[in-house]
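Structural data only, the sequence is not supplied:
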């Protein structure tokens, strides 16, 4: 008799893998074109903060990420549940350790590794949180008398709050918001109907409040923000420049303004690769990380950027398919958390490129330049594939 | 909430809620697509109008060109750094502009109001403005010391070409200038800025890609309105080009140029008013190294710096002063052709090395009588003696023998002879000329080399073959004559003439040594080469030698051949000289031409060649003496 794994190889989620490869190719093109020709022609040294040999590095990270993904695919995801405290503990330890390293771009977000590499512990912490919470929820379901009351949720909040606050403290507001999105999506899937109602109404209410605050009541918000020191000064600046992009066109709003022009000038078919005035004229600082979508939008136009959005949607759809046919609750919750994580990052990042949402330091998953986020994101996809290999439907066939 | 037991492995509501989450992502995607469509399609025009065409104000910093040194390390061409004092119009600093103007005014010796106008009002729309070009050390020192109190003031270096030696080696160095409009596209393809200065002649042109410096830039970020943004200035350092170290010996070059000028001035002073140009080349016979190369009239490369003035341009055009006559000028060789004629005849077995001819003062060919230069004739004469006295009759006979033309029994079919054996013989001379670099390019590393030729006249005549045998139907370059005589001297090796010895990096490290290059070994029996050398030695030492008057008593044993050829002006001849020295152990070859002199050739070119040869060996002796002193 064939083993389950062997039997399932031919039923592997090939559409998902295919979509991931397409996104990776777009990523390499975007990284290459948004940094092309910006190195010092005389010395070969990178200018404007571009790491040397950036395309080569990105390809190297992509290769490593795919290896991680395929290895993870063959590991039974259920074994992750056993290690949930370990992952959590290591993440919190690294999040603490990060304060021992020099600030990069004003934040303690990076752990320096040899060979000029660096690692962002908050990336790992997100996955660790997903695993811990999923394990807790799944085991609660399996209890003879599950406790779905608020009291039963308290351990989740308790475990969540530590990495969340540490990440906020770095400061990495964007990553902290992603953690919130993870918690939110997992709760949506888990909680009883009564709580779901509160969750959905509460978040919709916040959304409306936020839209009012930055829209019609923008000036009042600025007043409050500048007088009450609720946020870090740079976060305040970002919010202000989102409310009123022309408030400081050469400062905090500069990057957003130029990215907006890049997107808008792309048109239907784009300027063509390496022909984007905004992108190739290095108008957008650090475009290869947070604002990489603007490089795609300018050079490949509406056609190219909507293709990327569709690819992301297909990716999420495949994840939903796997989650709904998962063998057990743990698998379903892990994927639900991953969906929340990716969806929030994708929509927040593209949103800020389109000036739909304020700028936060969130990269576009699978596309932005960056090693640790790429590896961790593909690790998550590997978990999804691992769940898909051990699907319920096949078990009952 | 009531306690319940799950019967299904997955909580009942989970799949539905996950699908609900997906629905939310679909809605979010739809929102993104709508927004994207609005920005990229509906508002596309608006955004396109805001596209930033240029985000930096660039102050180009041209890369210094490589320097050119002679063989002794003397500088022939250099780049001097000029400092410009520049003001960057940072908005915050504009307020203090009047203060800066007041501070700088006494130092720069410019009225404060003028400075202020330049700093704020002149050249609107530019982020930077140059206040002083080629600033003095005092001005620079002041700016450097008071940098903190002079915000926005900075210094930019621009290299300026310098040719410290006036006319010296002008034709070899060449000059630089703006890219000619017809070549702009071609240079742009190679990454040049259309306003770059490039080599337009000589080594500056030939080695443009080596000498070329890599431009750098000071890039000052500006907002779309052109206002400089503080911080983030990018400095792309300029990179100097590589240097050339020449084989050319500046001291010898100086002697050669002076000898040439003095000779021409002397000839003019005795009434030779048609004499107005000339050239002389000295080459190492064992390497092809060009040790000196003079061409008159000449010019100063520095005339071209910063654009040539109308007066200088007139001087430059006057009598083709820009023409390097040694490389680009073709002259009839006259009797210096005779060794080649002999080689062609000997190697084609049309002549015996022991051939004797009875010279009665000329030769009757059909209805033409071709005279010897000495109308009395030299009687019965052999090859070496014929070279000594430059006997024309002897070589008329050699030429006719090559064409199988018997003067006493002319061919019946003259037409057939003219198109058959005559042409074949002329082609044999041409073929031999190719072996020596006379009718083929020498490959010298200078631009615009002219290649010599043998005329095959049309309509043909009975006498053009014997005329070709004494060098009246050919035109050769002087550098070609030098490779030719060098090959005779060194036993038949035709070297490529090389002006450049090596290429060095800006730090002085040798990047490439231009090795001596033998293009071919001429197809001439060594014994015949020896015969010709002996003949050339007789020409300088025999009782009747054409150059004995000049070289007979020279302690340097020079072997030579003089030549006289019709120059095109009636009654005027090209005076040609080829020689090598010392006879027993040849080191250098010399070729020289002075066109449009009266009478026989030795009068013009030989004496100046002697001056140069003597100077070369005097310099060698001096070097040897110095070496001995240093290492007793």
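Looks like it arrived, so ask away. Small disclaimer: the values here were computed from a predicted structure and weren't measured. Residues are numbered from 1 along each chain as shown, chains lettered A, B, ... in the order given.

What is the burial count for residue 208?
Assuming you mean chain A. 10 (other Cβ atoms under 10 Å in any protein chain shown). C-beta here means a position set from N, CA and C on the backbone, and glycine is covered the same way.

Correction: the question concerned chain B.
20.

Report the secondary structure state of the residue in the stretch 251-397 of chain A that chain B sits nearest to.
Using Cβ to the nearest Cβ, the closest approach of the stretch 251-397 of chain A to chain B is made by residue A:264 at 2.6 Å. Of the three states, residue A:264 takes helix according to DSSP: H, G, I helix; E, B strand; the rest coil.

so it makes contact with residue B:41?
No - assessed by Cβ atoms under 8 Å, residue A:264 is found out of contact with residue B:41, at 9.6 Å.

Between the two, point out the one with more neighbours.
residue A:264 (29 against 14).

and that one, what does it touch?
Residue A:264 makes contact with B:39, B:40, B:43, B:44, B:46, B:47, B:48, B:50 under the criterion Cβ atoms under 8 Å, 6 or more residues apart in numbering or on different chains.

Now intersect the residues you listed with the strands, please.
Among these, no member is found in strands (DSSP state E).

which two from these end up farthest apart in space?
Farthest pair in the contacts of residue A:264 (Cβ to Cβ) is B:40 and B:50. Separation: 13.6 Å.

need the next SSE after the helix or strand of chain B with the lowest mean pLDDT, C-terminal direction.
When the helices and strands of chain B are scored by mean pLDDT, DSSP states H and E, helix B:91-94 comes last with a mean of 66. Scanning forward in sequence from helix B:91-94 by DSSP states H and E, the next helix or strand is helix B:97-108.

what angle separates the helix or strand just after that next one from helix B:97-108?
Where DSSP H and E defines the elements, the next helix or strand beyond helix B:97-108 is helix B:112-120. In terms of direction (axes from the mean of the first three to the mean of the last three Cα atoms, to 10 degrees), helix B:112-120 departs from helix B:97-108 by 120 degrees.

who are the neighbours in contact with the residue most central in space within chain A?
Against the mean C-alpha coordinate of chain A, by Cα atoms, centre = their mean, the closest residue is residue A:345 at 3.9 Å. Contacts here follow Cβ under 8 Å, 6+ apart; on that basis residue A:345 touches A:178, A:181, A:362, A:363, A:364, A:365.

Of these, which belong to helices?
Secondary structure assignment by DSSP state H places A:178, A:181 of the contacts of residue A:345 in helices.

tell me which of the contacts of residue A:345 is nearest to residue A:10?
Comparing these against residue A:10 with Cβ to Cβ places residue A:365 closest, at 28.2 Å.

returning to what we had before: nearest spatial neighbour of the residue of the stretch 251-397 of chain A closest to chain B, skipping sequence neighbours?
Once flanking residues are discounted, residue A:264 sits nearest to residue B:47: 2.6 Å by Cβ to Cβ, 6 or more residues apart in numbering or on different chains.

Enumerate the residues of the stretch 151-300 of chain A near chain B.
A:185, A:188-190, A:192-194, A:196, A:249-250, A:258, A:260-261, A:263-268, A:277-278, A:281-283, A:297 (Cβ under 8 Å from any Cβ of the partner chain).

Identify those among those that sit within helices.
Applying DSSP H to these, the entries found in helices are A:185, A:188-190, A:193-194, A:196, A:258, A:260-261, A:263-265, A:277-278, A:297.

what about burial for those residues, which qualify?
Listed as buried from these are A:185, A:188-190, A:196, A:258, A:260-261, A:263-265, A:277-278, A:297; burial here means 16 or more other Cβ atoms under 10 Å in any protein chain shown.

give me every residue that touches residue A:368.
Counting by Cβ under 8 Å, 6+ apart, residue A:368 has contacts A:27, A:288, A:289, A:290, A:292, A:349.

returning to that earlier point: specify which member of the buried ones among the ones in helices among the residues of the stretch 151-300 of chain A next to chain B is nearest to residue A:376.
For these, the nearest to residue A:376 is residue A:185 (17.0 Å; Cβ to Cβ).

Per-residue pLDDT of the closest one, please?
We have a pLDDT of 94 for residue A:185.

Spatially nearest residue to the residue positioned nearest the centre of chain B (excluding sequence neighbours)?
The centroid of chain B falls nearest to residue B:202 when counting by Cα atoms, centre = their mean (2.6 Å). Spatial nearest neighbour of residue B:202, chain neighbours left out: residue B:174 (2.2 Å); criterion: Cβ to Cβ, 6+ apart.

I'd guessed the one you found sits against residue B:205; true?
Yes - judged on Cβ under 8 Å, residue B:174 makes contact with residue B:205 at a distance of 5.3 Å.

between those two, who's got more neighbours?
Counted by other Cβ under 10 Å, residue B:174 and residue B:205 do not tie: residue B:174 has more neighbours, with 26 against 17.
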